[in-house]
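Undergrad: model this:
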Amino acid sequence: MTTTLESPTPTGALAPVRDPRTFIAPDHWAKLVGLLMRDHPFDSVMAERVLGQAVAYLITAMETRGQGLGLAPGKIVDIGVHTMILDTVAYAEFCQKYNDGHFLHHVPLVDVKLDGSVPRTAEQITLHGFPVDEPLWAADANDCGPCHPGNDSH
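TA: Below is the predicted model:
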């Protein structure tokens, strides 16, 4: 017997859970995991968790571009986002492919927003069919994200 995981959609219907790994080629996924392990105190399990949530966040941000949702990752997930962005050629290609040819800019703020944007972002990720790794989002949900709340940036 096979069980298909499902998650609620914005309409309340159930949809298959999306796998963040399907958005990045396996060799590039391995490279990003390696970079996370090299640059942070992560083992391979934690690096994969952080990267998966970063991909889910970026895809959700791209799919909601222009909606003014003010999405922001918490500090732990943002580490994965930064790792992706720093590989600029691959990140530009990722944006080209999944953001209708538009580059998703990174516009950090000095101060954290303290506005509940991190838990709201996790909710949007779930609504877009991705599993949410709750401990990674809850770790700093009260601090909220330091990213610009604009429509077309992270």
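
Undergrad: Next up, phi/psi of Val110, please.
TA: When read as degrees, to the nearest 10, the backbone of Val110 gives phi -70, psi -40.

Undergrad: Number of residues surrounding it?
TA: 5 (other Cβ atoms under 10 Å). All C-beta atoms are positioned from the backbone trio N, CA, C, and that covers glycine.

Undergrad: what's the answer for Asp115, then?
TA: Using other Cβ under 10 Å, Asp115 is surrounded by 12 other residues.

Undergrad: Use 492 as the first number from now on
TA: Noted, 492 is the first residue going forward, which turns the last one into Asp606.

Undergrad: Just to check, it is in contact with Gly561?
TA: Yes - look at Asp606 against Gly561 with Cβ atoms under 8 Å: they come within range, at 7.4 Å.

Undergrad: which secondary structure element contains the residue positioned nearest the centre of the chain?
TA: With distances taken as Cα atoms, centre = their mean, Tyr548 lies nearest the centre of the chain, 2.0 Å away. Per DSSP states H and E: Tyr548 is located in helix 535-554.

Undergrad: got it, and Val524?
TA: Going by DSSP H and E, Val524 is in helix 517-530.

Undergrad: Run the chain-centre distance for that helix.
TA: On the basis of Cα atoms, centre = their mean, to the nearest Å, helix 517-530 sits 16 Å off its chain's mean C-alpha point.

Undergrad: Going by neighbour count, list what's buried in that helix.
TA: Across helix 517-530, burial judged by 16 or more other Cβ atoms under 10 Å covers Trp520, Leu523, Val524, Leu526, Leu527.

Undergrad: which ones are touching the fourth one?
TA: To tie it back to what came earlier, the one meant is Leu526. For Leu526, the contact set (Cβ atoms under 8 Å, 6 or more residues apart in numbering) comprises Thr574, Leu577, Asp578.

Undergrad: Please enumerate the helices of the chain.
TA: 517-530, 535-554, 566-577, 579-589, 608-618, 625-629 (DSSP state H).
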